[in-house]
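Q: here is my input; please provide its structure:
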Amino acid sequence: MTDFIDAFRRACGSRALAWLIAINVLVFIWLGLTNLCCMAMGFHDELSIDLLCLSSIPKVALAKPWTLLTYMVVQYNFLHLLFNLLWLFWFGILLPEWLTDRTRVLLYIGGGLFGALCYVGVNEFWPDFYAAGSFLCGSSAAVLTIMAAAAVYSPNRSISIIFIGGVKLKWVFLACIALTFLGFRDSTVASQAAHWGGLVFGAVISLAFFRRPGRRYSPRKHLPTTAQELSRIAVAKARRTVHLNVPGNSEAVTNAVAGRLSDTGRLDQLLDKIRLSGYSSLTTGERNELNALSQRLKR
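A: Reported below is the predicted structural model:
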């Protein structure tokens, strides 16, 4: 089980993305089981609507403030869950690699909150007859935030699509947006406003903070202290020319050089893994190996 969790986290590229996907899936399973139990007992399940979904009526929404958060992890059917999580995964791994897990979660929550405010606000100031007394559920606004942030950050990044080949991210993003709004063409104005709110929030955050002029990211800046030290040592040793002038035991010299090169190669592998997936992606054995390399290369 631990191996599966580690593999899933590495596939997601970050612990935050893995947790967001897992929470959505677990809530969907829990609500499905709850609904089955309610049906077996002969009454309709209103738990997900009354307690977890966001009401379009401001007074009701304010009376249940937690629904501003819970609505974004409640999906109303399997296809809704599937598409939201697929897009969350595909675009989540394309976010700037230097973002911390905390920033990724805040981006998701921030987009969901802004979408919720747009939903309630539009229904309050431009009331829709069909939206009166309705509820909002789903992670679409939060997922659209992630999608917009990734697409605005690197619009010309080429990604490979089966049967098509390389396509720029901006075109994939626009296609997903078209599918999103075509799929919800019968939805209310307020729910569409929630989707647009998520899009705008993600684009603005990406433009304001991820693409600031003059920003230069150094992966080593965000590594833990041990990894920073190892990186410094590796760079110093790579730049330094070592002249060995040890008479006699040439075999010992050869073995020492081979061992040093092996350590440096393994160090590069561990640093690449940290740069791509974060320090938390290392297993316990790899962290111990990292510390051992640190002590050995310092000598």
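Q: got phi/psi on V74?
A: With angles defined as degrees, to the nearest 10, V74 sits at phi -110, psi 120.
Q: go on, S14?
A: Torsion angles at S14 (phi, psi; degrees, to the nearest 10) stand at phi -160, psi 150.
Q: contact partners for Y76?
A: 137-138 (CB atoms under 8 Å, 6 or more residues apart in numbering). For the C-beta atoms, the positions are set from N, CA and C on the backbone; glycine is no exception.
Q: quick one: secondary structure of it?
A: Per DSSP: H, G, I helix; E, B strand; the rest coil, the secondary structure class of Y76 is coil.
Q: how close does it sit to S134?
A: Noted for Y76: a distance of 12 Å to S134, by CB to CB, to the nearest Å.
Q: ditto for G265
A: G265 sits 59 Å away from S134, going by CB to CB.
Q: the more surrounded of those two?
A: Set G265 next to S134 and count neighbours by other CB atoms under 10 Å: S134 wins out with 19 against 9.
Q: burial measure for the nearest residue to that one once chain neighbours are set aside, as a count.
A: Closest residue to S134 apart from its sequence neighbours, by CB to CB, 6 or more residues apart in numbering: S56 at 4.9 Å. By the criterion of other CB under 10 Å, S56 has 23 neighbours.
Q: next up, phi/psi of S56, please.
A: According to degrees, to the nearest 10, S56 has phi -80, psi -10.
Q: what about the strands in the chain?
A: For the chain, the strands defined by DSSP state E occupy 54-55, 135-136, 158-161, 165-168.
Q: by contact count, what packs against the last one?
A: Packing contacts for strand 165-168, counted by 3 or more CB pairs under 8 Å, 6 or more residues apart in numbering; DSSP states H and E, involve strand 158-161.
Q: strand partners (parallel or antiparallel) of the strand it packs on?
A: Strand 158-161 sits in its sheet next to strand 165-168 (antiparallel), going by DSSP bridges.
Q: and for the strand it pairs with, what's in contact with it?
A: 155-161.
Q: ditto for stretch 114-124
A: So stretch 114-124 is in contact with 54, 56-58, 61, 68, 71-72, 128, 131, 136, 140-142, 144-145, 188-191, 193-198, 200-201, going by CB under 8 Å, 6+ apart.
Q: give the ChimeraX command for selecting the buried subset of those.
A: Only the buried entries of the contacts of stretch 114-124 go into this ChimeraX selection, using 16 or more other CB atoms under 10 Å:
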select :54,56,57,61,68,71,72,128,131,136,140,141,142,144,145,188,190,191,193,194,195,196,197,198,200,201
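Q: inside helices: which ones of the contacts of stretch 114-124?
A: Among these, DSSP state H puts 58, 61, 68, 140-142, 144-145, 189-191, 193-198, 200-201 in helices.
Q: give the contact list for V105.
A: V105 makes contacts with 16, 19-20, as judged by CB under 8 Å, 6+ apart.
Q: Serialize the residues you listed to CSV and add fields for distance to E286.
A: Below are those laid out as CSV (distance: CB to CB, whole Å):
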residue, distance to E286
A16, 20
W19, 21
L20, 25
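Q: ok, the contacts of strand 165-168 vs G32, which is closest?
A: Among those, I161 lies closest to G32 (CB to CB), at 31.5 Å.
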